[in-house]
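Undergrad: I need the structure of the sequence given here:
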Amino acid sequence: MLKTLFALCALLLVLALYKNPALPETKVIAEQLSQEPSQVAVPPAPFKVDKNGVNYTIEPLFRYEIYGLVVSKYNTDSWWGWAHKAWNDHLNVTDLCVVWGANALSGAYRDISFSSGQWTCNFETSSDAAWQAFDVNKISNNHLLTDDPQLAKKLKSIRIGDQIHLTGQLANYRHSFGNGFNRGTSTVRTDTGNGACETIFVSELNVLRSAPSMWRYLMWLAVLGMLATAAIGFMRPHRASS
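TA: Alright, predicted model coming up:
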């Protein structure tokens, strides 16, 4: 009996890992995601911030606001990431790849596979119909900057499938620590390739609707079930072999 329960929990865990993180059904997409990102030029007014002993110069270009569905993400302190550590870039705490407009409201994202690298958002599909339905001008990879520890924690906690509202400033930033570092930002949504990502010094983040949580709960339920059955099996008396 215990072996059967353990096997069932293991199967549930595999299924939950495959399904999680899950993107939401189209019917629960917030209406605000129909809006295009908004940007308004600001007067040149560079400012400085310090983080982890590094002094950064921020050069705001536009006030920026975006509503979007998070389809992929990368936290820059991930164990496999090296670039931001090598660059002494402690401001860029996470990258969020988001879709909006028709890509969100029509469900075009449902048949697309998304992934994030250290500075990229990648998407692909084997379906010609899905590719035709997907607007490559309504997706963006956003490098999110902050020197506020609480906001950094909130940004890193965002999950794939969350629907968010983000405000801040499109900005270039740099530092002269060590070998120095300089990074710009895209100011249009129609570019691709190197330099096409938006670099945003974030002022506020709101989660409009959270990602589906069922598979995440089932994943932990499966883990607890496996641990419980293993513990019971270990504690049960065993008949000595003759």
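Undergrad: May I have stretch 78-96 as CSV, with CA atoms only?
TA: This file holds the C-alpha atoms of stretch 78-96, laid out as CSV (Å, rounded to 0.1, in the frame of the first residue of the first chain):
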residue,chain,number,x,y,z
SER,A,78,20.2,32.8,-10.0
TRP,A,79,22.9,30.2,-9.2
TRP,A,80,23.7,29.7,-12.9
GLY,A,81,24.0,33.4,-13.7
TRP,A,82,27.5,34.9,-14.0
ALA,A,83,27.1,38.1,-16.1
HIS,A,84,25.6,40.5,-13.5
LYS,A,85,28.1,39.4,-10.9
ALA,A,86,31.0,39.9,-13.3
TRP,A,87,29.7,43.4,-14.3
ASN,A,88,29.1,44.4,-10.6
ASP,A,89,25.5,45.1,-11.7
HIS,A,90,23.5,44.9,-8.4
LEU,A,91,20.7,47.3,-9.6
ASN,A,92,19.2,44.9,-12.2
VAL,A,93,17.5,42.5,-9.8
THR,A,94,15.2,40.7,-12.2
ASP,A,95,14.1,40.5,-15.8
LEU,A,96,10.5,40.1,-16.7
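Undergrad: Give the helix, strand or coil label for the most centrally placed residue in the chain.
TA: Closest residue to the average C-alpha location of the chain: residue 73 at 2.4 Å, with C-alpha atoms, centre = their mean. Put simply, residue 73 is strand when judged by DSSP: H, G, I helix; E, B strand; the rest coil.
Undergrad: now swap in residue 156 and tell me
TA: helix.
Undergrad: list the contacts for it?
TA: Residues counted as contacts of residue 156 (C-beta atoms under 8 Å, 6 or more residues apart in numbering) are 75, 77, 93-94. C-betas here are computed from N, CA, C, even on glycine.
Undergrad: doesn't residue 118 make contact with residue 81?
TA: Yes. Taking C-beta atoms under 8 Å as the definition, residue 81 is a contact partner of residue 118 at 5.4 Å.
Undergrad: what do these two both touch?
TA: Joint contacts of residue 81 and residue 118 (C-beta under 8 Å, 6+ apart) are residue 74.
Undergrad: For residue 58, see how far away the residue nearest to the centre of the chain is.
TA: Here the criterion is C-beta to C-beta, to the nearest Å. By it, residue 73 lies 23 Å from residue 58.
Undergrad: The host helix or strand of residue 170 pairs with which strands, parallel or anti?
TA: For residue 170, the host element (DSSP states H and E) is strand 163-175. The strands beside strand 163-175 in its sheet (DSSP bridges) come out as strand 54-75 (antiparallel), strand 181-183 (antiparallel), strand 198-209 (antiparallel).
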